[in-house]
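1. Pasting a predicted model and its sequence here:
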Amino acid sequence: YGTLAAPTSGAIIEGNVGIGTTGPGEKLTVAGGIESTSGANPYLKLSKTNATAITSYVQIDGTTNNLQLYHGTGSRLDITSSGNVGIGTTTPGSLLAVQGNGLFSGALTVGGTLTATSTVLLATTAGNVGIGTTGPNQKLHVYAATGNVFASLQTGNTSRAQYLAGHDQNTAYFGVESTA
């Protein structure tokens, strides 16, 4: 910076700056909290300026009061003041709301009722549905590795009939069983 003069109400500092510490390890090291109170949308901005430049920031939206994580051109994650989290939406109506496609490469565990708000189709690209198999070769392919009954249709009313399908050795059967 050599002969440059410090800007009005500012300073030029070479090296690392520490606030609340005497041994800063980065260009700016703060020991303690940081507060931003100016403007309707206070934010912390991070910018990468090389050939693949991108800007990301964390802000509090002045209209919704959501805590927002921006990356590139828009909000990617919003947390409302009630604790709801939105991915791809700025108005999450439940504890977790995802707008758009999702991918679970591991197990998905549901501890309560799973409710679909649109058509749910568990099928191959050929339109085949499999239960107990990862390679259904018919429109509906039900496979049981053990046991004789592979399909059962029944109601909670035990006095009603139930429909069973299965096999015993080399014999297939379909039957109606009534407990009444």
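-> Thanks, I have the structure now.
2. what's the least confident helix or strand in the protein, going by average pLDDT?
-> For the chain, the helix or strand with the lowest mean confidence is strand 149-153, at a mean of 62 (criterion: mean pLDDT, DSSP states H and E).
3. where do the strands sit along this protein?
-> 17-19, 28-30, 43-48, 54-60, 67-71, 74-79, 85-87, 96-98, 129-131, 140-142, 149-153, 161-168, 171-178 (DSSP state E).
4. contacts for the third one?
-> Outside of strand 43-48, the residues that reach it under the criterion CB atoms under 8 Å, 6 or more residues apart in numbering are I34, S36, A53, I54, T55, S56, Y57, V58, Q59, I60. Every residue, glycine included, has its C-beta placed from N, CA and C.
5. run the last query once more with 7 Å
-> S36, I54, T55, S56, Y57, V58, Q59 (CB atoms under 7 Å, 6 or more residues apart in numbering).
6. For it, which strands pair with it and how are they oriented?
-> strand 54-60 (antiparallel) (DSSP bridges).
7. Quick check: buried residues in the strand it pairs with?
-> Within strand 54-60, the residues that count as buried by 16 or more other CB atoms under 10 Å are Q59, I60.
8. what's in contact with that strand?
-> Taking CB under 7 Å, 6+ apart as the rule, strand 54-60 contacts 41-48, 67-72.
9. change it to 10 Å
-> For strand 54-60, the surrounding residues in contact (CB atoms under 10 Å, 6 or more residues apart in numbering) are 36, 39-49, 66-73, 75-77, 79, 81.
10. what mean pLDDT does that strand have?
-> On average, the pLDDT along strand 54-60 is 88.
11. hey, C-alpha coordinates of that strand in CSV?
-> In CSV, the C-alpha atoms belonging to strand 54-60 read as follows (Å, rounded to 0.1, in the frame of the first residue of the first chain):
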residue,chain,number,x,y,z
ILE,A,54,-20.1,-16.6,-7.2
THR,A,55,-21.6,-14.8,-4.3
SER,A,56,-23.3,-16.3,-1.3
TYR,A,57,-24.7,-14.7,1.8
VAL,A,58,-26.8,-15.2,4.9
GLN,A,59,-29.4,-12.6,5.6
ILE,A,60,-32.5,-11.8,7.6
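12. show me what contacts T22?
-> T29, A31.
13. can you redo the contacts of strand 43-48 as JSON lines with distance to G100?
-> Listed next are the contacts of strand 43-48 as JSON lines, based on distance: CB to CB, whole Å:
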{"residue": "S36", "distance to G100": "30"}
{"residue": "I54", "distance to G100": "20"}
{"residue": "T55", "distance to G100": "22"}
{"residue": "S56", "distance to G100": "19"}
{"residue": "Y57", "distance to G100": "21"}
{"residue": "V58", "distance to G100": "21"}
{"residue": "Q59", "distance to G100": "21"}
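14. wouldn't N41 be in contact with G62 here?
-> Yes. Using CB atoms under 10 Å, N41 makes contact with G62 at a distance of 4.6 Å.
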